[in-house]
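> Sequence and predicted model, in that order:
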Amino acid sequence: MTDFAPYIERAEALGRRFALTARHYDQTGDFPFANFDALFEAGLLGLVTAPEHGGLGGGLTEALAVISAIARGEPSTALVLAMHYSQHYSIRVSDTWPAHLVARVTKANREGVALLNAAQVEPRVGSPSHGSLPETIARRVGNEWRITGHKTYATGIPLLKWIAVLAVTDEAEPRLGSFLVPADSAGLRVEKTWNATGMRATNSDDLILDDVAIPLEDTLELAPATKGLQRDERLGAWYFALVPSIYDGAARGAKDWLIEFTTTRAPASLGAPLSTVPRIQDGLGQIEVYLTTNRRLLRSIAEDFDNGRPFGPDAAAVKHVVIENAILATTLALDLGGNPGISRDNPLERHHRDALSGKAHAPQNNLVRTILAKSVLARYAATPTETIEPVPVRATHPPRLVAVGSS
């Protein structure tokens, strides 16, 4: 059985290293290629890949620990890595990946940096979580699929080796599924559209597919389009835990900066470090409340998943709370940090921008709340009506009986 402690320690050390160049990637928007070389050398790209395919066989608990450590230093790297982990865990446990694709993808993952992500969102229809079918079309031509369409938010595209492209076939009875497209395919081009306020190094640009050809057998989960996109609800825990942990990591980076600043800054008028001021201590305590809550919530979902316990829509609620807490924590850190906190020379304002980016991930909070409301209403409707007898009401307490000889 793998001892994951050394790997988590490596991730924590890499997170600290990545923090040293995070400002560069934020300012330039360059993709952090060197970070992924370091992750591969540390053995972390195969963390959740099956042991029989050269991986470590880690679960969501281990993935969460690694992503949290990397996000504390450089969240963009953590987001790309989180998408890679989610795909590789799906390969490991799902029976929808053909054996030849499993062998191809895992072999490349053993041999070098060969990242994998999905492309599902489109400019007109948005996320498939909203229920619409994609406009990307796969046409069958001989022994090939020819794919044409436009995808947005292809996170990590500069270093992806494959993209699982969601598309609808042009058959008489259309099917919906993913098509494994090599990133160097003829007819596939990247349109540089990523110019976000935060998470700038993810390079989540647009993909344009113009009659991109792949073999007929390189498909995943093809099913009648009338059924819509079918998701494994339990596997959704990977998304609902790893994605918010990235923004929680940004908030922890903000806390790190604030502690360093308030313990080393001693204004002459105060004659002591800022950390001695009650208002600062109260604010730091509140930040710790937000982040402690986040840590406990994320850990509970990961442990429930790994131990096979049910969690229902709780995972979506955790995403909602953790991202909101991360934003509250970084906003409070800005308030406590004052003018130095909004300087581009300090990382705090970057941490705040990164945390705010968490709001962009579907499903948005209003949809999460709707999901939770429908769930509780469904449970209420399914609960049998029960006749409950009230406890009798007495105006006075009955006399206390005292045994003879007692005191």
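Yes, it's here.

> Report pLDDT for Met1.
pLDDT for Met1: 76.

> My guess is Tyr69 contacts Arg17. True?
In this structure residue 69 is Ala, not Tyr. No - using Cβ atoms under 8 Å, Ala69 makes no contact with Arg17, being 11.0 Å away. Quick note: C-beta positions are derived from backbone N, CA and C, even for glycine.

> How far off centre is stretch 236-254?
A distance of 6 Å separates the centroid of the chain from that of stretch 236-254, by Cα atoms, centre = their mean, to the nearest Å.

> I meant to write stretch 31-49 there.
Stretch 31-49 sits 17 Å away from the centroid of its parent chain (Cα atoms, centre = their mean).

> Ok, stretch 212-221 next?
For stretch 212-221 - counting by Cα atoms, centre = their mean - the centre lies 27 Å from the chain centre.

> For the residue most central in space within the chain, list the residues it contacts.
Geometric centre of the chain, nearest residue: Val243, 1.4 Å, by Cα atoms, centre = their mean. Listed by Cβ atoms under 8 Å, 6 or more residues apart in numbering, the contact set of Val243 reads 79, 82, 319, 358, 361.

> Quick check: the two most widely separated of these?
Distances among the contacts of Val243 were taken as Cβ to Cβ; the most separated pair is Leu79 and Lys319, at 13.9 Å.

> so Ala82 makes contact with Leu64?
No - contact criterion Cβ under 8 Å: Ala82 and Leu64 do not qualify, at 9.4 Å.

> Number of residues surrounding Gly131?
Residues near Gly131, counting by other Cβ atoms under 10 Å, number 10.

> now do the one 5 residues further on
Neighbour count of Thr136, defined by other Cβ under 10 Å: 21.

> How about the one 10 residues further on?
Here the neighbour count serves as a burial measure; for Arg146 (other Cβ under 10 Å) it reads 18.

> any idea how far it lies from Ser275?
Distance from Arg146 to Ser275, counting by Cβ to Cβ, to the nearest Å: 63 Å.

> Quick check: pLDDT value at Val404.
Listed pLDDT for Val404 reads 62.

> ok, Asp335 - contacts?
Residues near Asp335 by Cβ under 8 Å, 6+ apart: Gly283.

> could you measure it against Arg23, distance?
Distance, Asp335 to Arg23, using Cβ to Cβ: 22 Å.

> all helices of the stretch 1-150 of the chain, in order?
Taking DSSP state H, counting those that start in this stretch as the test, the helices found in the stretch 1-150 of the chain are 5-19, 22-28, 33-41, 60-73, 75-93, 99-111.

> between those, which one is nearest to Glu389?
Across the helices of the stretch 1-150 of the chain, closest to Glu389 is helix 60-73 (Cβ to Cβ), at 45.3 Å.

> Could you count how many residues lie near the nearest residue to Ser68 once chain neighbours are set aside?
Counting by Cβ to Cβ, 6 or more residues apart in numbering, the nearest residue to Ser68 once its immediate chain neighbours are dropped is Ser245, at 4.9 Å. Counted by other Cβ under 10 Å, the residues lying close to Ser245 total 34.

> Low-confidence bits of the protein, can you list those?
Within the chain, the stretches with pLDDT under 70 are 398-407.

> how far does the helix or strand where Ala164 lies sit from the chain's center?
In this structure, Ala164 sits in strand 160-169 according to DSSP states H and E. Distance, stretch centre to chain centre, for strand 160-169: 20 Å (Cα atoms, centre = their mean).

> what comes into contact with the next helix or strand after that strand?
Remark: after strand 160-169, the chain's next helix or strand is strand 175-182, criterion DSSP H and E. Contact partners of strand 175-182, identified using Cβ under 8 Å, 6+ apart, comprise 101, 105, 118, 133-134, 138, 145, 147, 161-169, 188, 209, 212, 214, 218-225, 227-229.

> Just the buried subset of those residues, please.
101, 105, 118, 133-134, 138, 145, 147, 161-169, 188, 209, 212, 214, 218-222, 225, 229 (16 or more other Cβ atoms under 10 Å).

> Thr49 and Lys107 touch, don't they?
No - with contact defined as Cβ under 8 Å, Thr49 does not reach Lys107; the gap is 10.7 Å.

> Neighbour count for these two, which is higher?
Between Thr49 and Lys107, counted using other Cβ under 10 Å, the more crowded position is Thr49 (23 against 12).

> Any idea how many residues pack against Pro123?
Pro123 has 11 neighbours, counted by other Cβ under 10 Å.

> And it, how close does it get to Thr152?
6 Å.

> Val93 now?
The gap separating Val93 from Thr152 is 28 Å, by Cβ to Cβ.

> Look at these two and report which has more neighbours.
Under the criterion of other Cβ under 10 Å, the comparison of Val93 against Thr152 puts Thr152 first, with 19 against 12.

> check contacts around that one.
Contacts here follow Cβ under 8 Å, 6+ apart; on that basis Thr152 touches 121-123, 193, 204, 206-207.

> wait, is Leu298 part of a helix?
Yes - assessed with DSSP: H, G, I helix; E, B strand; the rest coil, Leu298 lies in a helix.

> Surely it is in contact with Val322?
Yes - counting by Cβ under 8 Å, Leu298 does reach Val322; the two are 6.3 Å apart.

> any residues in contact with both of these two?
Listed as contacting both Leu298 and Val322 by Cβ under 8 Å, 6+ apart are 244-245, 248.
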